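>>> turn this into a structure:
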Amino acid sequence: MTVNVRKAAWLLGLVPLGWLAVKAGLWGLGANPIEFIIRFLGDWALRFLLLCLCVTPLLRWLPRLAPARRTLGLLCFCFAASHILLYLGLERFFDLEELWKDIVKRRYITVGMLVFLMLVPLAVTSTNRWVKRLGFPGWKKLHRLVWLIGFLACLHFAMMVKFYAYAEPLFYAGFLLVLLGMRFRAKDRIMPGH
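Numbering: from 1, shown residues only. Below you'll find the model as predicted:
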């Protein structure tokens with residue numbers, strides 16, 4: 001069953017990419033397709049982060065979902081990395097000087113880069129070997145950064161959109177608060193290695 005849950009989570013990661021391909025083929029991606037794709041990948045990085053955080057409260061009733069947590073976290077990282085790489089490659093043509101100017105000048109890019117840099121150690125240490133190397137308490141402390149990452153990702157999203165479009169990032173931030181509340185109410189008994 002463990003393998004099936006992981007496979008299902010990876011297949012879930014293909015759904016947005018399939019939808020993007022269908023949309024591009026049938027309706028197009030709007031006046032600025034590059035910007036559309038970059039934002040699409042960033043949106044899905046945040047959604048996969050929230051799905052990953054949903055797994056823990058659900059384990060009480062569906063313990064077999066545990067292996068999906070790591071996979072959803074890695075999907076979040078993959079979509080976030082694609083979001084950054086496409087922005088860097090297609091918007092800035094890998095010009096690191098221009099990228100640095102953007103990071104300094106545009107606060108939403110500063111926050112977005114911070115989110116990505118914080119995701120990197122979580123992705124790197126997601127294996128059982130790293131849990132053993134860091135020790136479970138140390139590993140758990142590091143991976144609690146996910147909550148800060150979630151709120152900063154919502155802030156990054158909110159800073160990018162127009163005032164009238166705040167509903168979606170506010171919805172995600174509210175959802176994150178609900179998950180955090182559930183986390184505080186439940187005892188943190190779930191072991192890693194899924």
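>>> output the below-cut-off pLDDT ranges for this structure.
Where the chain drops to pLDDT under 70, the residues are 1-3, 164, 186-194.
>>> that one: strands as residue ranges?
Counting by DSSP state E, the chain forms no strands at all.
>>> now the farthest one out in it, which residue is it?
Most distant from the centre of the chain: L26, at 27.5 Å, with distances by CA atoms, centre = their mean.
>>> burial count for I103?
Residues near I103, counting by other CB atoms under 10 Å, number 15. In short, each C-beta sits where N, CA and C put it, glycine included.
>>> one more: F171?
11.
>>> kindly provide the distance from R92 to F136.
Separation of R92 from F136 (CB to CB, to the nearest Å): 40 Å.
>>> ok, now R6?
As judged by CB to CB, R6 and F136 stand 21 Å apart.
>>> higher neighbour count, those two?
Higher neighbour count among R6 and F136: R6, with 16 against 12, using other CB under 10 Å.
>>> correct me, but that one touches L72?
No - counting by CB atoms under 8 Å, L72 is not a contact partner of R6; they are 10.0 Å apart.
>>> residues in contact with Y108?
Listed by CB atoms under 8 Å, 6 or more residues apart in numbering, the contact partners of Y108 are 156, 159-160.
>>> ugh, wrong one, L58
Listed by CB under 8 Å, 6+ apart, the contact set of L58 reads L65.
>>> and L75, how many neighbours does it have?
L75 has 24 neighbouring residues, counting by other CB under 10 Å.
>>> try the one 10 residues further on
Counted by other CB under 10 Å, the residues lying close to L85 total 13.
>>> what do you get for E91?
Using other CB under 10 Å, E91 is surrounded by 14 other residues.
>>> do I149 as well
Number of residues near I149 (other CB under 10 Å) recorded here: 21.
>>> excluding its backbone neighbours, what's nearest it?
Spatial nearest neighbour of I149, excluding adjacent residues (CB to CB, 6 or more residues apart in numbering): M118 at 5.0 Å.
>>> mind listing what that neighbour touches?
By CB under 8 Å, 6+ apart, the residues touching M118 are 145, 148-149, 152.
>>> from N4, how far out is it?
M118 is 31 Å from N4, where distance means CB to CB.
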